[in-house]
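Enquirer: predicted structure and sequence below. I'll ask about it afterward.
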Amino acid sequence: MKLKLCSRLSTTLTILLGVASGIGLALGALSAVSSATKVVEHRPEDNAVLPHVVIGLLVLGFIIGAMISTRSMRWFWWPIDASVGERFGRTFRSSRNSFSGLLRSVGAVILQAFMALLVFRMGFQATAGMASSFSVNAWGGPSAFGAFMAHGVDAVVCLIVACLALDRVLVPTNPSVRTDAGQGAGRPG
């Protein structure tokens, strides 16, 4: 089975999420440096390891299912794919002519900002988690790796939901084709 990785990327969306990640990495590093000397008491009841393991296994199953059903990994790049950038443009242009277009534009901006926040948060987590006081009572803690993985599972679940919602909010590439996510033109899959 040959997997397609991606077609082409949207410059604007790639820069947006790249900047969000970079800022998160930088601020996380500053946080790690400033809190490196703090001593925090470990409270095991705050770690929530078991729920994250279960959710992580469900997410892994979803990802494997998506790869098998689409025979592609294009869905992985979908949030920054050029077709999504084109759909953003089409959605913003529709806001000039209709109130529903305006609502779609506002919804699309909110969802994309949420995805940027998730990318920022994971960048922050990657570097701030190096300080032992940062992850000692975090979900998945007390290890930095466990905390990063638990927050990563949360971010992946939120990204999946946000992408599915964004797919419904953006104006389709071909308005006459409206099928389930992953099947139509310009859709993930």
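Expert: Good, I have the coordinates.
Enquirer: pull out the buried residues from the strand or helix carrying residue 51.
Expert: According to DSSP states H and E, residue 51 maps onto helix 49-70. If you call a residue buried by 16 or more other Cβ atoms under 10 Å, then helix 49-70 has these buried ones: 52, 55, 56, 59, 66, 70. All C-beta spots, glycine's among them, are computed from the backbone N, C-alpha and C.
Enquirer: in stretch 82-101, what counts as buried?
Expert: Buried residues in stretch 82-101, defined by neighbour count with 16+ other Cβ under 10 Å: 82, 83, 84, 85, 87, 88, 90, 91, 92, 94, 95, 101.
Enquirer: give the contact list for the last one.
Expert: Neighbour list for residue 101: 91, 93, 94, 95, 171 [criterion: Cβ atoms under 8 Å, 6 or more residues apart in numbering].
Enquirer: what is the most widely separated pair among the residues you listed?
Expert: The most widely separated members of the contacts of residue 101 are 95 and 171, with 9.7 Å between them, by Cβ to Cβ.
Enquirer: overlap of the contact sets of the two?
Expert: 101, 104.
Enquirer: in which helix or strand would I find the residue most central in space within the chain?
Expert: Nearest to the mean C-alpha position of the chain, by Cα atoms, centre = their mean, lies residue 159 at 3.5 Å. Using DSSP H and E, residue 159 falls within helix 144-169.
Enquirer: now that helix and helix 49-70, what's the angle there?
Expert: Orientation of helix 144-169 against helix 49-70 (axes from the mean of the first three to the mean of the last three Cα atoms, to 10 degrees) gives an angle of 50 degrees.
Enquirer: list the buried residues in helix 144-169.
Expert: 144, 146-157, 159-160, 162-163, 165-167, 169.
Enquirer: ditto for stretch 102-115
Expert: 104, 105, 107, 108, 111, 112, 114, 115.
Enquirer: a markdown table please, covering the residues you listed and showing secondary structure, distance to residue 123 and pLDDT.
Expert: Converted to a markdown table, those look like this (DSSP: H, G, I helix; E, B strand; the rest coil; distance: Cβ to Cβ, whole Å; pLDDT from 0 to 100):
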| residue | secondary structure | distance to residue 123 | pLDDT |
| --- | --- | --- | --- |
| 104 | helix | 29 | 91 |
| 105 | helix | 27 | 92 |
| 107 | helix | 25 | 93 |
| 108 | helix | 23 | 92 |
| 111 | helix | 19 | 92 |
| 112 | helix | 17 | 90 |
| 114 | helix | 15 | 92 |
| 115 | helix | 13 | 90 |
